[in-house]
Each structure stands twice: as C-alpha cells, then as structure tokens.
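Q: coordinates for the following, if possible.
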Amino acid sequence: MGISLDQLVKSAGLDAKLVAAIVSGNYTPSPAQRQKLAAALGVAKDEISWEHSVPVQHLRGNGPQSGRST
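A: Numbers count the residues shown, from 1 in each chain. The predicted structure follows:
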C-alpha cells in the first residue's frame with residue numbers, strides 16, 4: 001500500500017503545492033527537501049528524484065510561446 005499525498009505532506013513537513021510539484025516532476029527538490037521526503041517515505045535520499053521529468057519548455061512561463069527561449 002502506498003502513501004497519500006496528504007500523508008506525505010504531513011510526514012515531510014513540506015508545503016502541499018511543493019510536494020505535488022515534486023511528485024509530478026515539475027519541480028526539482030533541494031537536498032533538504034529530498035531528505036525530508038526520504039525520511040517520510042522510509043527510503044534513502046538517493047531514491048528521491050533529482051531532476052525534472054517534464055521538459056522545461058513545457059512548463060508555464062518558459063519556451064518560445066512566452067517569448068523566452070530555453
């Protein structure tokens with residue numbers, strides 16, 4: 001059985017929007033955030049993703065559609 005987003009937010013002590021962005025791959029967590037998530041999940045810090053899984057040009061405010069190249 002997994003852990004709900006609400007449980008993860010409470011256990012990690014992080015903001016709900018931040019955790020949702022990390023889980024969806026739209027935000028790269030800091031080392032401290034990775035440590036908190038790892039502790040909440042009972043896994044090693046190295047098991048927490050360290051990079052975006054969504055290409056940056058597809059995130060809001062970046063890319064040619066907003067007048068800024070990536």
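
Q: quick one: least confident helix or strand in this protein?
A: helix 16-24 (a mean of 91; mean pLDDT, DSSP states H and E).

Q: that one: which residues count as buried?
A: 19, 21-22 (16 or more other C-beta atoms under 10 Å). Heads up, the C-betas are built off the backbone N, CA and C, glycines and all.

Q: can you tell me which of those residues lies nearest to residue 40?
A: Using C-beta to C-beta, residue 19 comes nearest to residue 40 of the buried residues of helix 16-24, at 9.3 Å.

Q: pull the least confident helix or strand of the chain out as PDB, backbone CA atoms only.
A: C-alpha atoms of helix 16-24 as PDB (Å, rounded to 0.1, in the frame of the first residue of the first chain):
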ATOM      1  CA  ALA A  16       1.300  20.700  -0.300                       C
ATOM      2  CA  LYS A  17       1.800  22.500  -3.600                       C
ATOM      3  CA  LEU A  18       5.600  22.000  -3.400                       C
ATOM      4  CA  VAL A  19       5.200  18.200  -2.800                       C
ATOM      5  CA  ALA A  20       2.600  18.000  -5.600                       C
ATOM      6  CA  ALA A  21       5.100  19.700  -8.000                       C
ATOM      7  CA  ILE A  22       7.900  17.400  -6.900                       C
ATOM      8  CA  VAL A  23       5.700  14.200  -7.300                       C
ATOM      9  CA  SER A  24       4.600  15.300 -10.800                       C
END
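
Q: kind regards, and thank you for your time.
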